[in-house]
Every structure is written in structure tokens, then in C-alpha cells.
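Student: fold the following and give me the result.
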Amino acid sequence: MISVTEAFSVLNQLTFSLKEKEVSLWEAHNHVLAETLYSPINMPPFRQSNMDGFALCLHDSLEYEIIGEVKAGDENQILLKLGQAVKIFTGAAVPDSAQAVIQIEKVSVTGNQLQLQEDVVAETNVRPLGSQIKQNDMALEKGAFLNPATIGFLAGLGFTQVKVYQKPTVAIVVTGNELVPPGQSLPYGKVYESNAIMLQTALCNAHYDEVKVYQVNDDFENTKSTLATAMAESDVVLVSGGISVGDYDFVGKALETLEVETLFYKVSQKPGKPLLVGKKDEKLIFALPGNPAASL
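Tutor: Sure, this is the predicted structure:
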């Protein structure tokens, strides 16, 4: 028997290779990035207004002449002379000939005449080109987890596809003569099988998508053949029940016959003491207790 700390130490040393695949950003959600990405553009790609207000070509007076406006998305470049201004909106491109933006709450307007309530210094309310990220700077490092925030960030840089690691496939093998699927009548001596859907839900919460479920009765040959199939078809196998030392607990013997290397058996924890972790080639096997609380 080993401690929980020792068990985690063994698990943390396990490695196995994962295939890579190229997917759309939508499909990349909840995957791990398999490449380091560099920004193809400056972000923002132009000097950008932080405020609704007026972009100013600064001079020594608080009075300016309004000669136009710039909305978010406008592509035209307005050339300002000293003492001229354009009305501008949040997110719009600040003309190269403007040095600052003053928010609309700090001015008064009469016709095309703009009166500032205070002096403005250069670069006020202007996001510089590339202030979030510069072209060719690292955007995301290989190994990053792709959540909604990182996917939105990549979309904002123009990415449509990325390489991710293909998630391990998982098999759940539920053992026990006493188990009956929910929804059927419950004969005397039987219980409803709940571990499969419980473990599926836990795996779903951990972002594993491909999960197969097998059920086997308490029979050595059936247990062995089902485990062999599960190991052949999946990267990780979770076995529920049959791992203790009872007369009808055949999982340990079946794994031994299948030449699975036992990394540890029994952990000093409650619930969950009779836990076996094994490895065969690139496959990992976790034999869990059958009690639902212990299994989870």
C-alpha cells in the first residue's frame, strides 16, 4: 500500500505520446495547443481611440475646428492641420495627423467649433499600434489550454485553424452480476448500475469527449476478453469493481494475464483504498472500487 502523495508521484511520471491534428477554432475548444503561435498582425493594427470624443491635431489653444468624423471601421484617412479636430468613436482609427483624443464629456460644441475644457497632452486616450501584441511576437505557447478567452484572442489575430493534441480516448468497464440498467425492473438482490454514467459525467467535466462503456458479468474469461477489447480500442481504461480480493473479483487476475504492469495497488485513502493503476505499452489502466463513492 502507498500513500496518496506517492500515488500522485507515480502518476505524474507517466508519459505517453499524443497525435496532433489541425482543427478549426470552434473544434479547438477545450483542447491543448500543439504548436507555438506567433501573431501575424499588430493588435490593434492601427492607432485606436479609447473614447467617444474628438481626435485633435494639437496646438496652443483650447479652440478647434471640426472638419469631419471617424466611425469604427471607417477606412478613409483624414488629414488634420494644426487646430483641427474630427469627431471620433470608440474603436475607430485615430488619424496619423492627430496626436490625442479628448472625451466628449470634456468639450462643448457650437456648429463646427470645438471648445476644450482643459489642456490635452499627446497620446491621451489613444491605444498605440501593436500595444496589445506586436506582429511576430509569441501569441500562445505550445501546451496552452484553449478556453473561450484564448480562442477569442486567436480569432482577433485572424487565426481560423490551429494544431491541437488529440485527446486520449477512454473506456469504462463496469463489472458485476448484481447490476441492472436504470429503467428496468429491479429483481431481488440486484442494484441499479450508476457508476458508468457517473464516471462519464466526471470525464465530460474534465473535457474528455470519446468515452466507450462496456459491462461484464463476474466471469474470468468474459472479464479478460472485455478488458482486452477495451485496451485495444482506447488509450485509457477505467474499470469499475472487481478489483478487491473476493472470490468473484477477477479484474486483477485478468490484468495480470493480459500482461499489464502494475504500477501500484492499494492507496492509503478512504474511500478508494483498493485502487490499481497499471500500464501496458502506451495504454493506462485504472481499476477502481465498485462502490460509487469510492469509484468517483
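Student: got the buried residues for stretch 198-218?
Tutor: Neighbour-count burial for stretch 198-218, counted by 16 or more other C-beta atoms under 10 Å, picks out Met198, Leu199, Gln200, Leu203, Tyr208, Val211, Val213, Tyr214, Val216, Asp218. Where you see a C-beta, it was placed from the backbone N, CA and C, and this is true even at glycine.
Student: now the two most distant members of those residues.
Tutor: Tyr208 and Asp218 (27.4 Å; C-beta to C-beta).
Student: what's in contact with the helix ranked longest in the chain?
Tutor: Determined from DSSP state H, the single longest helix within the chain is helix 220-233. By C-beta atoms under 8 Å, 6 or more residues apart in numbering, the residues outside helix 220-233 that reach it are 169, 171, 173, 175, 212, 214, 216, 237, 239, 242, 250-251, 253-255, 257-258, 260, 280, 283, 285.
Student: quick one: buried ones out of the residues you listed?
Tutor: Using 16+ other C-beta under 10 Å, the buried ones in those are 171, 173, 175, 214, 216, 237, 239, 242, 250-251, 254-255, 258, 260, 283, 285.
Student: just those residues now: which is nearest Val107?
Tutor: Ala171 (67.4 Å).
Student: direction included, what does the helix or strand containing that closest one pair against?
Tutor: Ala171 belongs to strand 170-175 when assigned by DSSP states H and E. Partner strands and pairing direction for strand 170-175 (DSSP bridges) are strand 211-216 (parallel), strand 236-240 (parallel).
Student: would you format those strands as TSV with mean pLDDT included?
Tutor: What follows is these, written out as TSV (pLDDT from 0 to 100):
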stretch	mean pLDDT
strand 211-216	95
strand 236-240	96
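Student: adding distance to Asp74, write those out as JSON lines.
Tutor: Putting these into JSON lines (distance: least, C-beta to C-beta, whole Å) gives the following:
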{"stretch": "strand 211-216", "distance to Asp74": "50"}
{"stretch": "strand 236-240", "distance to Asp74": "54"}
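Student: go through the ones you listed and name the closest to Tyr165.
Tutor: strand 236-240 (14.2 Å).
Student: in a helix, Ala202, correct?
Tutor: Yes. When DSSP: H, G, I helix; E, B strand; the rest coil is applied, Ala202 is found to be in a helix.
Student: what residues are up against it?
Tutor: Leu296.
Student: cool, and the one 5 residues further on?
Tutor: With contacts defined as C-beta under 8 Å, 6+ apart, His207 is in contact with Asn30, His31, Lys167.
Student: mind redoing it with 10 Å?
Tutor: His29, Asn30, His31, Val32, Phe145, Asn147, Lys167 (C-beta atoms under 10 Å, 6 or more residues apart in numbering).
Student: just checking, Ile80 touches Ile88?
Tutor: Actually, residue 80 is Leu. It isn't Ile. No. Counting by C-beta atoms under 10 Å, Leu80 does not reach Ile88; the two are 11.1 Å apart.
Student: cheers, nothing more for now.
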